[in-house]
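Enquirer: Next come a sequence and a model predicted from it.
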Amino acid sequence: MTSYYTLMRLILFIALFFSSLALSAQTQGPNNASSLTYEFPGCLGCLGSVWSNATDAQLSDNAFAECTMTAPPLCFQSTCYWSRGFFATDFGFTIPTNMFIHGIQLDIQRKSDVDSVLKDSVIMLLLAGTATGKNQATQQYWTQSNTYIAFGDSLDVWGYSWTPNDVNDPDFGVLIRPRNHGSIFHTASIDHIRITIYYSSVTSTPEKSHKPILISQDPWSQSIRISYEVLNTEDEIAYELFDLWGRKVLSKQLSSKPIGTQNEIVSVSGLVDGVYFLRFRVGDLGKTLKLNLAYD
């Protein structure tokens with residue numbers, strides 16, 4: 001019964017938040033990237049398979065950026081079962097600086113040479129050129145069909161509190177790194193990359209007295225990092241993690257912390273892959289974030 005009411009409260013919170021945005025919600029995009037490249041171009045000794053025709057991922061036109069990867073576990077220089085990171089940046093956003101960003105959706109039009117051999121290992125947004133926030137890579141296989149796959153949505157900020165200046169920056173973008181799970185060479189092909197920004201004039205009033213709570217997933221280990229500010233040593237600090245059905249799978253009441261910026265590492269080792277909701281609270285400030293736990 002407790003789980004049921006917890007889920008109902010969470011659904012009500014999301015519904016009320018969404019309805020408050022409806023009157024002022026706006027979008028920009030989907031915008032195309034003006035700059036497309038990959039890690040370490042021209043370096044034959046660097047690890048990771050290289051990409052060809054990177055700029056062909058700018059438009060949906062059946063011209064492809066491609067990367068051919070060998071079978072695992074071989075990875076010697078540019079002959080490797082995972083790709084070098086593919087970067088798409090400079091999306092040309094001009095979000096007004098007084099707006100609140102509440103969602104970022106990335107669409108990747110892509111295909112594999114055969115079904116059920118390629119998966120994403122990293123799908124992350126770039127803050128000033130640096131991978132930041134949540135890794136959206138899933139266990140979904142690439143298919144032979146040249147299809148758009150969506151990452152994020154109108155209420156998903158990828159575990160980071162983005163500002164208009166962040167997304168307007170030419171170095172804002174996405175990092176993509178697929179890997180081969182097959183037994184022979186296979187090729188990843190990307191036709192088009194586009195991003196849509198969802199924003200509004202609605203802000204969260206409790207955050208006026210605090211720095212924003214930042215929540216990010218470590219793509220290489222089974223952990224979640226929370227960065228937050230303590231304004232009062234008597235502030236109550238706690239987090240709870242719920243699965244998609246509203247069942248509480250983790251919870252912890254933290255001991256008092258000194259005034260200033262603090263960090264907490266939450267281990268999610270042992271949890272099955274899937275969608276979860278993390279609710280974190282410090283004093284009168286709370287944040288609920290949808291997480292997609294898929295570590296490969």
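Expert: Noted; the coordinates are in hand.

Enquirer: what about residue 166, which SS state?
Expert: The three-state label given to residue 166 by DSSP: H, G, I helix; E, B strand; the rest coil is helix.

Enquirer: contacting residues around it?
Expert: Each residue near residue 166 by Cβ atoms under 8 Å, 6 or more residues apart in numbering is listed here: 101, 127-128, 172. For glycine as for every other residue, the C-beta is placed from the backbone atoms N, C-alpha and C.

Enquirer: Okay, now the unreliable bits of the chain?
Expert: Scanning the chain for pLDDT under 70 picks out 1-24, 202-211, 217-221, 294-296.

Enquirer: If we ignore the residues flanking it in sequence, what's nearest residue 261?
Expert: Leaving out its chain neighbours, the residue that sits closest to residue 261 by Cβ to Cβ, 6 or more residues apart in numbering is residue 229, at 5.3 Å.

Enquirer: Does that neighbour touch residue 257 like I think?
Expert: No. If you go by Cβ atoms under 8 Å, residue 229 and residue 257 don't touch, sitting 9.8 Å apart.

Enquirer: Whichever of the contacts of residue 166 end up buried, select them in PyMOL.
Expert: Listed next is the PyMOL selection for buried residues among the contacts of residue 166, using 16 or more other Cβ atoms under 10 Å:
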select buried, resi 101+127+172
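
Enquirer: which one of the contacts of residue 166 is nearest residue 155?
Expert: Nearest to residue 155 out of these is residue 101 (Cβ to Cβ; 10.9 Å).

Enquirer: if I pick that closest one, what's in contact with it?
Expert: 95, 157, 162-164, 166-167, 197-199.

Enquirer: Tabulate the residues you listed in JSON lines, adding columns for distance to residue 122.
Expert: Shown next, in JSON lines, are the contacts of residue 101 (distance: Cβ to Cβ, whole Å):
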{"residue": "95", "distance to residue 122": "25"}
{"residue": "157", "distance to residue 122": "18"}
{"residue": "162", "distance to residue 122": "19"}
{"residue": "163", "distance to residue 122": "23"}
{"residue": "164", "distance to residue 122": "25"}
{"residue": "166", "distance to residue 122": "19"}
{"residue": "167", "distance to residue 122": "20"}
{"residue": "197", "distance to residue 122": "21"}
{"residue": "198", "distance to residue 122": "23"}
{"residue": "199", "distance to residue 122": "26"}
